[in-house]
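# could you look at this predicted model? Sequence included:
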Amino acid sequence: MTALSAVPLRSIVSAIGDAAARWSDADFPPRVRATSEIVERTGYTIPVVEYALDALFGAIHSDALFETIRRELGDLEAFDGPTARIYPVGRVAILSSRTTIGVAIPAMCFALAAKNDVLVKDREDALVAAFARTLAEELDAFAEAIEVATWDGEHDGSRLHDVDAIVVFGKDETIARVTADRAGRARTIGFGSRTSIAFLDEAAQRDDRTIDAALAGAARDASLYEGEGCLSLHALFIERTAARTPREVAERFARAMESAATEFPVGQRSAASRAAMLQARNLAAFRAATGRGGALCDDALSYLLLLDPPDREPPPFLPRTVALVPVESFEEVARYIERFALPIEALGVTGTGHIDTERASRIGAARIAALGEMQRPPLLTHHGGRPRIAEYVRFLDRDGETK
């Protein structure tokens, strides 16, 4: 039995939605305090953190939670009463990553909606702990169902000895270590290192208004969170067209990146990151002197665009740095992804029609998103191509039932 076993599903989901609604208010005191702590931990500027919290809590509303549960599990009544067919797996541990702001919170919400007890490894900003307190204010049972703590990764084993499922956000090596430590004793649900790309097709380049809108969106996707998240744009593939040259597209994109830096100012950067950006810029400038490609950036190096980089090099995973790769068709994009075995989270496009679905499937992407919306995944989408709630339940079938 878990702390939420006897609580109706609708009460749980409604309480989660109400707590998230309180956190959607930028003036909510716990959020104000958390914003300051997140800025200190990540080095991001306040506008970036505010955007992240708006996107995070704005997506967690009860209607979206209910609809996701219906899509993945069907009948909501299967959770409650003597005829219940869906049960919690038991105790779920969630290990937050150091980069994405609040990444553990949607997973925690769905694990709770499935009536599990939840242990969350929080980050130094204590965002999860603060939200957990708000949850307990909405529903008393959450106080017993949720445990939030911080600990060193070397002590994961001692903290996870009694869990039934472990959700890990982080590097692939971290997931492999946790899986090895818990082999045969708990289900591991891993969300490892991924990246996102975009494709600017010929149709998007036909007129100035269309291309500028697309590039403004791409600039936002590349600038938020300093390129550290799995939804950060790191490569923009430009379909060659007679309408304009890749150089012109790059120059327009540079202007969009400068505007994005005004809306979302650059945060603190390590000396190593800045040195790596300088090296990438200098190498691109050297290639430009020999007749290929180039580098576009401002004097402060707030962003860096690398035009037509060498085929043998993957995207540089650096702050606000994007490889601009001219291609004849999307087939070249697919070959590029295969060449470097890039795990793709999102494909940014200017439309989301049938052809984009085929392209996304071709490269193994988990999501198709309009440029400018890559960093705001709806709650209804699968995270990393995996279910939102089905991972946290077990099913009980009775012979003779047809539903």
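Yes, it's here. Numbering: from 1, shown residues only.

# how about the strands in this protein?
Along the chain, counting by DSSP state E, strands occupy 86-88, 91-95, 117-121, 146-149, 165-169, 187-191, 195-200, 233-239, 294-296, 304-307, 321-327, 344-349, 367-370, 393-395.

# including mean neighbour count and mean pLDDT, could those strands go into TSV?
C-beta: built from backbone N, CA, C; applies to glycine. Listed next are the strands of the chain as TSV, based on neighbours: other Cβ atoms under 10 Å; pLDDT from 0 to 100:
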stretch	mean neighbour count	mean pLDDT
strand 86-88	22	93
strand 91-95	25	95
strand 117-121	25	96
strand 146-149	18	96
strand 165-169	25	93
strand 187-191	18	89
strand 195-200	25	97
strand 233-239	24	97
strand 294-296	20	96
strand 304-307	25	98
strand 321-327	23	98
strand 344-349	25	96
strand 367-370	20	95
strand 393-395	15	92
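
# reformat those strands as TSV; add distance to residue 207.
Shown next, in TSV, are those (distance: least, Cβ to Cβ, whole Å):
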stretch	distance to residue 207
strand 86-88	51
strand 91-95	46
strand 117-121	48
strand 146-149	51
strand 165-169	41
strand 187-191	39
strand 195-200	13
strand 233-239	15
strand 294-296	22
strand 304-307	22
strand 321-327	20
strand 344-349	17
strand 367-370	18
strand 393-395	49
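
# of all those strands, which one comes closest to residue 132?
The closest approach between residue 132 and any of these, judged by Cβ to Cβ, belongs to strand 146-149 at 4.7 Å.

# how about residues contacting the closest one?
Contacts with strand 146-149, where a contact means Cβ atoms under 8 Å, 6 or more residues apart in numbering, come from 108, 112, 117-122, 126, 128-129, 132, 135-136, 159.

# before we move on, back to that, quick one, which of the strands of the chain gets closest to residue 226.
Ranking the strands of the chain by distance to residue 226, with Cβ to Cβ as the measure, places strand 321-327 first at 9.6 Å.

# show me the strands paired with the closest one, marking each as parallel or antiparallel.
For strand 321-327, the pairing partners within the sheet under DSSP bridges are strand 233-239 (parallel), strand 304-307 (parallel).

# could you give the angle of that strand to strand 195-200?
Calculated by axes from the mean of the first three to the mean of the last three Cα atoms, to 10 degrees, strand 321-327 forms an angle of 40 degrees with strand 195-200.

# just how off-centre is strand 321-327 within its chain?
How far strand 321-327 lies from its chain's middle: 21 Å, per Cα atoms, centre = their mean, to the nearest Å.

# who's in contact with it?
For strand 321-327, the surrounding residues in contact (Cβ under 8 Å, 6+ apart) are 218, 222, 227, 233-240, 246, 249-250, 253, 277, 280, 303-309, 315-316, 333, 336.

# one step back: out of the strands paired with strand 321-327, which comes closest to residue 173?
Comparing those against residue 173 with Cβ to Cβ, the closest turns out to be strand 233-239 (20.1 Å).

# who touches the closest one?
Residues lying outside strand 233-239 but in contact with it, judged by Cβ under 8 Å, 6+ apart, are 195-202, 205, 218, 221-222, 227, 246, 249, 253, 315-317, 321-330, 332-333, 336, 348, 374.

# same thing but at 7 Å, please
195-202, 218, 221-222, 227, 246, 249, 315, 317, 322-327, 333, 348, 374 (Cβ atoms under 7 Å, 6 or more residues apart in numbering).

# alpha carbons of it, as CSV, please.
Extracted C-alpha coordinates of strand 233-239, given in CSV (Å, rounded to 0.1, in the frame of the first residue of the first chain):
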residue,chain,number,x,y,z
LEU,A,233,19.0,23.7,-31.2
HIS,A,234,22.6,22.8,-32.2
ALA,A,235,22.4,22.4,-35.9
LEU,A,236,20.2,24.2,-38.5
PHE,A,237,20.1,22.5,-41.9
ILE,A,238,19.4,24.9,-44.7
GLU,A,239,17.9,23.5,-47.9
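
# how many neighbours does the nearest residue to residue 226 once chain neighbours are set aside have?
Closest residue in space to residue 226, ignoring its immediate chain neighbours: residue 319 at 4.2 Å, by Cβ to Cβ, 6 or more residues apart in numbering. Residue neighbour count, defined by other Cβ atoms under 10 Å, stands at 24 for residue 319.
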